[in-house]
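J.: kindly return the folded structure for what I paste below:
(one chain, ligands or ions: 1)
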Amino acid sequence: MNIMNPTTTTTTNTNNFTAFISANTAGTATRNFAFFRHVQFFEVFAALFVFMAINSLRQKRRQGLPVWPVLGMLPSLAVALQTNMYEWISDVLRSRNGTFRFKGPWFSSLNCIVTADPRNLEYLLKTKFPNFPKGPYFHDTVRDLLGDGIFSADDETWQRQRKTASIEFHSAKFRNLTTESLRELVHNRLLPVLEDSIKQLAEIDLQEVLLRLTFDNVCMMAFGVDPGCLQKGLPQIPFAKAFEDATEATVFRFVTPTCVWKAMRYFNVGMEKKLKESLRGVDEFAEDVIQTRKKELSSRCDEKKTRSDLLTVFMGLKNEEGEAFSDKFLRDICVNFILAGRDTSSVALSWFFWLLDQNPEVEEKILKEICKIVGEREEVEKKGEIISESGLVFRPEEIKKMDYLQAAISEALRLYPSVPVDHKEVVEDDKFPDGTELKKGTKVVYAIYAMGRMEAIWGKDYREYKPERWLGRDGRYMSESAYKFTAFNGGPRLCLGKDFAYYQMKFVAASIIYRYRVKVVENHPVVPKLALTMYMKHGLKVNLSRRDESELQIYFKG
Ligand code: HEM
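T.: Have a look, this model is predicted:
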């Protein structure tokens, strides 16, 4: 500092002070400005949020659910996924008179029309059937597992398989094969496994046991081979495990953005790795059966006559060029039938037994019906015997007469359809009978679970389990329009196995109910699993006890 020149010093000091002040002022101003900017930012953000919230909630009134910028209706779906998604869809549909437009996040493939309106169902599944195929998205997603089989194919590829399989399904030879294999499975495998659980005083997962039964049964129909899943000890069967894993990994694709699962497939990681490995197991099994059957058929002509499984039937046919079907196509046909028929009936039966546990009066009526029908057998009339006979085998004509049982199973399927939702894709712009506009490429989801819970279709007591709603005044079973009761689909793609499925479910249910009391384990949680098929998430743990003769005697006399 210069002490000889104070002015200078003062000036300098003043300058420093000014600089200090201005620097400080500038700093404060900058900080204030930054603070001000933050405040503004938060205010603007808050205002925007409030505006969006009001706007979204206003949209709720118009569209059924709040629509958020960028995310669309996804937040509501995310919340619903934490509870029971099927109930949530039903609630929304009831509040929207049966149809609503789901808006997914930007750039996602979640935009779709969801409907449970029977008029729309008839239009979708029958009237304008060609305009609503399964579509390229579905085919692409399931291609690795299902190839060009009936379940994933559209147009001529589907039509050809449908026609051939339909003729086969209605042939006496095929019916014999299916009923015979079911009879054997129930009497030689299911009942011994159930007996075993009684002897060991152990609870048993009835869903697991039934899944094994129907898997073996459908493999007999498709391949003519019994994989042996249902037997004492419930062993793990490599083909069944591979099939299960491959299905699970394929379902995973539906909840993963397409580019993500395709990248995972490319790098062979995660679920895609699992899919690849499990497909190897499925393909090896199929390849083995196909080659063995070819050898059998070429060496022994009588095999052709005796075998009536789908594989043998399709092996004897030619494609449009007059050539035999390729091994890959034969594999696709069989794998698709196994997928279609493997778990739908067992899952339906599981829900049915759970409903019986809650509605013992229905169980009693079923038992009464069974005993009345069996009591009409000639030999019973003559000898007055049979009731205690554990080997009692129901005859096809007796199963047919069980109208109340059929009603009780249909009622279970109404409330818990094995396929809870299904979908189609729009080929050309169209309009539903209820006025909903449909743009080309839109996905249409039909909510089968919700359809069973629409007051407009079933009346005020739609929540109640009431088999009587399926019976006419004469007590005979009355079927319902496939567009109201869509558990088996409808129109040209009506479930091909429907008649057999009813026969199978009635035969299994009657065989169990006649012999055992089925009690669901106390506090066992029963909730649906989120999957393409409506499994019980935790299975169905039950305790069985044998019915004694005196109990049956009452019903026989009754
Ligand atoms: C309770 C039992 C069953 C229920 C609820 C059921 C339900 C359905 C449904 C909803 C569809 C339409 C699926 C779609 O197109 O996306 C379908 C199709 C089909 N089902 Fe079933 N099903 C049952 C049992 C069976 C059985 C046991 C078989 C065979 C053994 C079978 C064979 C088929 C076939 C082949 C198709 C495809 C028809 C086509 O696309 O033309 N189903 N089933």
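J.: flag every residue of the chain that's near the ligand.
T.: 150-151, 162, 218, 221, 337, 340-341, 344-345, 348, 418-419, 422, 487-489, 493, 495-497, 500-501 (C-beta under 6 Å from any ligand atom). Quick note: C-beta positions are derived from backbone N, CA and C, even for glycine.
J.: those residues in helices, which ones?
T.: 162, 218, 221, 337, 340-341, 344-345, 348, 500-501 (DSSP state H).
J.: which of these count as buried?
T.: Burial by neighbour count, 16 or more other C-beta atoms under 10 Å: within those this picks out 218, 221, 337, 340-341, 344-345, 348, 500-501.
J.: quick one: those residues as a markdown table, columns for pLDDT too.
T.: A markdown table is the format used below for those (pLDDT from 0 to 100):
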| residue | pLDDT |
| --- | --- |
| Val218 | 94 |
| Met221 | 91 |
| Phe337 | 92 |
| Ala340 | 91 |
| Gly341 | 90 |
| Thr344 | 96 |
| Ser345 | 97 |
| Ala348 | 98 |
| Phe500 | 94 |
| Ala501 | 97 |
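J.: ranges for the strands of the stretch 51-200 of the chain?
T.: 99-102, 112-115 (DSSP state E, counting those that start in this stretch).
J.: equivalent analysis for the stretch 201-350 of the chain, please.
T.: Using DSSP E, counting those that start in this stretch, strands in the stretch 201-350 of the chain cover 204-205.
J.: the ligand versus Asn268, what's the distance?
T.: Asn268 sits 29 Å away from the ligand, taking C-beta to the nearest ligand atom, to the nearest Å as the criterion.
J.: and for that residue, the neighbour number?
T.: 11 (other C-beta atoms under 10 Å).
J.: who touches it in this structure?
T.: Applying C-beta atoms under 8 Å, 6 or more residues apart in numbering to Asn268 gives the contacts Lys276.
J.: for it, grab phi and psi.
T.: phi 50, psi 60 (degrees, to the nearest 10).
J.: for it, give its distance to Arg395.
T.: 53 Å (C-beta to C-beta, to the nearest Å).
J.: just the closest of the buried ones among the ones in helices among the residues of the chain next to the ligand to Pro525, please.
T.: Ala348 (19.5 Å; C-beta to C-beta).
J.: roughly how far does the nearest residue to Asp309 once chain neighbours are set aside sit from Gly341?
T.: Leaving aside its sequence neighbours, Asp309 sits nearest to Gly224 (C-beta to C-beta, 6 or more residues apart in numbering; 3.2 Å). According to C-beta to C-beta, Gly224 and Gly341 sit 14 Å apart.
J.: for Leu297, same thing?
T.: 24 Å.
J.: ok, the closest residue to the ligand within the chain - contacts?
T.: Nearest to the ligand, among the residues of the chain, is Gly497, at 2.2 Å (C-beta to the nearest ligand atom). Taking C-beta under 8 Å, 6+ apart, we find Gly497 in contact with 169, 340-341, 344.
J.: helices of the stretch 401-550 of the chain, start to end?
T.: With helices called from DSSP state H, counting those that start in this stretch, the stretch 401-550 of the chain shows them at 403-415, 448-451, 455-458, 498-515, 549-557.
J.: kindly reformat those helices as JSON lines containing distance to Asp155.
T.: Listed next are these as JSON lines, based on distance: least, C-beta to C-beta, whole Å:
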{"stretch": "helix 403-415", "distance to Asp155": "29"}
{"stretch": "helix 448-451", "distance to Asp155": "24"}
{"stretch": "helix 455-458", "distance to Asp155": "32"}
{"stretch": "helix 498-515", "distance to Asp155": "23"}
{"stretch": "helix 549-557", "distance to Asp155": "52"}
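J.: name the nearest residue to Ile204, sequence neighbours excluded.
T.: The nearest residue in space to Ile204 (C-beta to C-beta, 6+ apart) is Ser197, at 4.1 Å.
J.: nearest to Pro69, of the contacts of Gly497?
T.: Using C-beta to C-beta, the contacts of Gly497 come closest to Pro69 at Thr344, 40.6 Å.
J.: so the closest one touches Ala501, yeah?
T.: Yes - counting by C-beta atoms under 8 Å, Thr344 touches Ala501, with 6.7 Å between them.
J.: where does pLDDT dip in this protein?
T.: 1-39, 51-53, 55-62, 107-108, 300-305, 378-390, 558 (pLDDT under 70).
J.: quick one, phi/psi of Glu522?
T.: Per degrees, to the nearest 10, the backbone of Glu522 is at phi -60, psi 140.
J.: wait, Gly490 touches Lys484, no?
T.: No - look at Gly490 against Lys484 with C-beta under 8 Å: they stay out of range, at 9.4 Å.
J.: more neighbours: those two, which one.
T.: Gly490 (22 against 18).
J.: need the contact list for that one.
T.: 121-122, 125-126, 481-483.
J.: okay, those residues in TSV with distance to Met534 and neighbour count next?
T.: Below are these laid out as TSV (distance: C-beta to C-beta, whole Å; neighbours: other C-beta atoms under 10 Å):
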residue	distance to Met534	neighbour count
Leu121	18	26
Glu122	23	19
Leu125	20	22
Lys126	24	16
Ser481	21	12
Ala482	18	20
Tyr483	20	22
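J.: which of those lies closest to Val282?
T.: Once C-beta to C-beta is applied, the member of the contacts of Gly490 that ends up nearest Val282 is Leu125, at 29.8 Å.
J.: which residues do Gly490 and Lys484 both contact?
T.: Leu121.
J.: among the helices of the stretch 401-550 of the chain, which is nearest Leu275?
T.: helix 448-451 (26.5 Å).
J.: that closest one: how far from the chain's middle?
T.: Centroid separation for helix 448-451 versus its chain: 12 Å, with C-alpha atoms, centre = their mean, to the nearest Å.
J.: which strands and helices sit next to it?
T.: helix 85-95, strand 421-425 (3 or more C-beta pairs under 8 Å, 6 or more residues apart in numbering; DSSP states H and E).
J.: may I have the shortest one exported as CSV, CA atoms only?
T.: Read that as strand 421-425. Written as CSV, here are the backbone C-alpha positions of strand 421-425 (Å, rounded to 0.1, in the frame of the first residue of the first chain):
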residue,chain,number,x,y,z
VAL,A,421,-58.3,-62.6,-21.9
ASP,A,422,-57.6,-63.0,-25.6
HIS,A,423,-56.8,-60.7,-28.5
LYS,A,424,-57.1,-60.0,-32.2
GLU,A,425,-55.6,-57.4,-34.6
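J.: for it, packing partners?
T.: helix 135-146, strand 443-447, helix 448-451.
J.: can you put these in CSV and add mean neighbour count?
T.: Shown next, in CSV, are these (neighbours: other C-beta atoms under 10 Å):
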stretch, mean neighbour count
helix 135-146, 17
strand 443-447, 22
helix 448-451, 25
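J.: hmm, who's touching stretch 395-408?
T.: By C-beta under 8 Å, 6+ apart, stretch 395-408 touches 179, 352, 355-356, 362, 365-366, 369-370, 373-374, 467-471, 475-477, 502-503, 506-507, 509-510.
J.: sorry, back to before: could you dump the helices and strands packed on helix 448-451 into CSV with distance to Ile399 added?
T.: Putting those into CSV (distance: least, C-beta to C-beta, whole Å) gives the following:
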stretch, distance to Ile399
helix 85-95, 31
strand 421-425, 28
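J.: in JSON lines: these, plus mean neighbour count.
T.: Listed next are those as JSON lines, based on neighbours: other C-beta under 10 Å:
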{"stretch": "helix 85-95", "mean neighbour count": "18"}
{"stretch": "strand 421-425", "mean neighbour count": "19"}
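J.: quick check: Ala286 touching Val335?
T.: Yes - here Ala286 reaches Val335: they are 6.7 Å apart, a contact under C-beta under 8 Å.
J.: from Asp309, how far out is the residue nearest to Pro528 when sequence neighbours are not counted?
T.: Using C-beta to C-beta, 6+ apart and skipping the chain neighbours, the partner closest in space to Pro528 is Met534 (5.3 Å). Distance of Met534 to Asp309, given as C-beta to C-beta: 28 Å.
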